[in-house]
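Asks: Based on what follows, work out the 3D shape:
(2 chains)
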Protein chains: 2
Amino acid sequence: MNAITSAPAAQTVHVPLGERAYDILIGPGLIARAGAEIASRLKGRKAAIITDENVAPLYLDALVASLDAAGIASAAVVLPAGEKTKSFEHLMTACDKVLEARVERNGCVIALGGGVIGDLSGFAAGIVRRGVRFVQVPTSLLAQVDSSVGGKTGINSRHGKNLIGVFHQPDLVLADTDVLNSLSEREFRAGYAEVAKYGLIDKPDFFAWLEANWKAVFTGGAARIEAIATSCQAKADVVVADERENGQRALLNLGHTFGHALEAATAYDSRRLVHGEGVSIGMVLAHEFSARMNLASPDDARRVERHLQAVGLPTRMAEIPGELPPAEVLMDAIAQDKKVKGGKLTFILTRGIGQSFVADDVPASEVISFLREKHP
Amino acid sequence: MNAITSAPAAQTVHVPLGERAYDILIGPGLIARAGAEIASRLKGRKAAIITDENVAPLYLDALVASLDAAGIASAAVVLPAGEKTKSFEHLMTACDKVLEARVERNGCVIALGGGVIGDLSGFAAGIVRRGVRFVQVPTSLLAQVDSSVGGKTGINSRHGKNLIGVFHQPDLVLADTDVLNSLSEREFRAGYAEVAKYGLIDKPDFFAWLEANWKAVFTGGAARIEAIATSCQAKADVVVADERENGQRALLNLGHTFGHALEAATAYDSRRLVHGEGVSIGMVLAHEFSARMNLASPDDARRVERHLQAVGLPTRMAEIPGELPPAEVLMDAIAQDKKVKGGKLTFILTRGIGQSFVADDVPASEVISFLREKHP
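Replies: Numbering: from 1, shown residues only, chains lettered A, B, ... in the order given. This next block holds a predicted model:
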């Protein structure tokens, strides 16, 4: 971990993916600089901005002005906010706007928003003209540290989340840390669950640093930039090692198998549970399940829970408002998750803080017994 | 050109695209052998068949029986026949069927049909779970020699044809030459235009062979297999050199810029003009335009026209039934074509039979004068 200085200087994380290599810039004031940063990297001078009704009033004018100043003509489409926007219907609207704006292969799609907008826009960028350039301007902490990096794009199907999409790497990610000040505490905390996840996967020192510095990360400034840059670097390292998720990239799903099941069980109702909260509970469950399988010490699970509780994240299924379906239904949601191969359950388990691994032969019977204990 | 024997033995064309390498099998009886060929190459034992209302009654049962016999469970979706099927609506239906059939990443989508079904199915295979395996069983000559090879997939937009899609290579192509016997003469001829195209691009000997042997190709047997295999090999060579169409792959568009404009001008009404017919007229126009630009001899254009006329293909705009819009409207369609970069017109021109090249600086003024002459 680098020493943290008080001046919040921008950081750059380079993602070395050969001809698909790109930079992630992390720091204040990046929306105002977006036009210049894009113009210096991409040849095209046409852009289609895809954003949502919550984000557009806050940042769309500033982004358009920045593009104008750099000689980039843009057109924008403002979609409804929320997970339901990840549909074929809105994908079609987005693609149509990109074509209407006459964005050619050197032109770009700019995602201005959180994970939903990023996933949908990246998918549109990946399929219009079989691929145009793509710039992410993530406006949530979750999007800055997770979904904007790595090239996974997609929409939901009635069969499940993110089941339809492409791998399409961005050409540039602009993580403007100023915009995080407009997030609610709950949204920021939800994104923080993914920050903590990187420590739990394979960076025990980062997890310890977060335990000591999380308040500064929440406050903003250099510690926040450092936490985001470390997270992006961690994700980039995994993505570079396994771009198309054939193996180790699955580690990024730590906490997500349980988390997705809980999201499904609450019908993706964000009033009850948002993604990061599901991941928080899921990470505690993954550590507890690992302890139950005698892979890790129960102390580690307790340490994880203590930290997530300290920042204000839920760590127990009982904290989710409203009724949860029985363990059998949660199990069914897990079995339907896409990380099932040939009928066996693949889970991310751990041998301790920062010692996660991919287990691809976890018996379903153990999982269901565990769930019954946790949610009688 | 290999000597042609009378026994119609199957041929294999290997497409060496590294980890995306695949085989194209060309010969009789391949639908009956589909299950065994797929089972020997792919791990998954689940398949979703996408086909259309014209093809399903002829070959679906035989394909399903062949898969069954090889232990591959399949589900089928039968879509309407015709270009309009390349839409978001039908893409969604296709994706839904693939998910419903629980096809995982090792399972496959099988396209049973012509170019429309191949393009749509390949797109679905490319985006469900961010990519599942894909097998082409092309049932038209056009699909066997062109669209089933090379990995271009897509649907149409109101802004133009094939503007939305992905590159997704098949894992296997089964070109059953028996099924071509059920094509109408007109359909077979339309596909033949693309066969002739490979000669005109860079295989003058193949073009001369076609001039001498086209009747045998139309009749069937070894000459047909030879013509299809040579065409597939030609396309594979171009695709391997330029998988994602950054340069030389554009040669495959010989005759297509004019051809697409004519298709658009006839509103894709197959009663007036089908794709291969547009390409036939377009190839003659491309040779005539090249002669007008003093790049090639007018004799070559006449020779091309003579052969295409001999097989019964249209070679003149005046042969298209009904009124054509004025030259300016055709020009507009050309300018909207996706092969426009930074405002300049990219055309495939030629220096003679089998000497085509990519010209990326063709003045629009020359094209419009030429069109006015040809279509006063």
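
Asks: Pull up the residues of the stretch 51-200 of chain A that are close to chain B.
Replies: Within the stretch 51-200 of chain A, the residues that sit near chain B (CB under 8 Å from any CB of the partner chain) are A:88, A:91-92, A:95-96, A:99-100, A:104-106, A:123, A:126-131, A:152, A:154, A:157-160, A:163-167. Where C-beta positions appear, they are placed from N, C-alpha and C, glycine not excepted.

Asks: now do the same end-to-end measure for stretch A:289-303.
Replies: Criterion CA to CA, to the nearest Å; first-to-last residue distance in stretch A:289-303 is 14 Å.

Asks: And for that stretch, what's in contact with it?
Replies: The contact list for stretch A:289-303 (CB atoms under 8 Å, 6 or more residues apart in numbering or on different chains) reads A:284, A:287-288, A:347, A:349-353, A:355, A:366-367, A:370.

Asks: which of those has the most neighbours?
Replies: For the contacts of stretch A:289-303, the largest number of neighbours (other CB atoms under 10 Å in any protein chain shown) sits with residue A:287, at 29 neighbours.

Asks: Can I get the buried ones among the residues of the stretch 51-200 of chain A next to chain B as something I can paste into PyMOL?
Replies: The PyMOL selection below is limited to those of those classed as buried (16 or more other CB atoms under 10 Å in any protein chain shown):
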select buried, chain A and resi 88+91+92+95+96+99+104+105+123+126+127+128+129+130+131+152+154+157+159+160+163+164+165+166+167
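
Asks: from the residues of the stretch 51-200 of chain A next to chain B, which ones fall inside helices?
Replies: A:88, A:91-92, A:95-96, A:99-100, A:123, A:126-127 (DSSP state H).

Asks: For the contacts of stretch A:289-303, give me CSV that also has pLDDT, secondary structure and distance to residue A:77.
Replies: Rendered in CSV, the data for the contacts of stretch A:289-303 read as follows (pLDDT from 0 to 100; DSSP: H, G, I helix; E, B strand; the rest coil; distance: CB to CB, whole Å):
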residue, pLDDT, secondary structure, distance to residue A:77
A:284, 98, helix, 39
A:287, 98, helix, 42
A:288, 97, helix, 44
A:347, 90, strand, 39
A:349, 96, strand, 42
A:350, 98, strand, 42
A:351, 98, coil, 47
A:352, 97, coil, 47
A:353, 97, coil, 43
A:355, 97, coil, 44
A:366, 90, helix, 47
A:367, 91, helix, 42
A:370, 95, helix, 45
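
Asks: could I get those as JSON lines with distance to residue A:232?
Replies: Compiled in JSON lines, the contacts of stretch A:289-303 are given as follows (distance: CB to CB, whole Å):
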{"residue": "A:284", "distance to residue A:232": "24"}
{"residue": "A:287", "distance to residue A:232": "24"}
{"residue": "A:288", "distance to residue A:232": "29"}
{"residue": "A:347", "distance to residue A:232": "25"}
{"residue": "A:349", "distance to residue A:232": "25"}
{"residue": "A:350", "distance to residue A:232": "22"}
{"residue": "A:351", "distance to residue A:232": "25"}
{"residue": "A:352", "distance to residue A:232": "24"}
{"residue": "A:353", "distance to residue A:232": "21"}
{"residue": "A:355", "distance to residue A:232": "22"}
{"residue": "A:366", "distance to residue A:232": "35"}
{"residue": "A:367", "distance to residue A:232": "32"}
{"residue": "A:370", "distance to residue A:232": "33"}
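
Asks: who's in contact with the closest residue to chain B within the stretch 101-250 of chain A?
Replies: Scanning the stretch 101-250 of chain A for the residue nearest chain B gives residue A:159, at 4.1 Å (criterion: CB to the nearest CB). If you count contacts by CB under 8 Å, 6+ apart, residue A:159 has them with A:336, B:96, B:99-100.

Asks: Likewise for residue A:46?
Replies: Contacts here follow CB under 8 Å, 6+ apart; on that basis residue A:46 touches A:72-74, A:101-104, A:107-108.

Asks: ok, and the closest non-adjacent residue to it?
Replies: In this structure, residue A:46 finds its nearest non-sequential neighbour in residue A:107, 4.0 Å apart by CB to CB, 6 or more residues apart in numbering or on different chains.

Asks: my guess is the one you found meets residue A:44, correct?
Replies: Yes. If you go by CB atoms under 8 Å, residue A:107 and residue A:44 touch, sitting 3.5 Å apart.

Asks: Same drill for the two, tell me which one is more crowded.
Replies: When residue A:107 and residue A:44 are compared for neighbours, residue A:107 comes out ahead with 24 against 18, by other CB under 10 Å.
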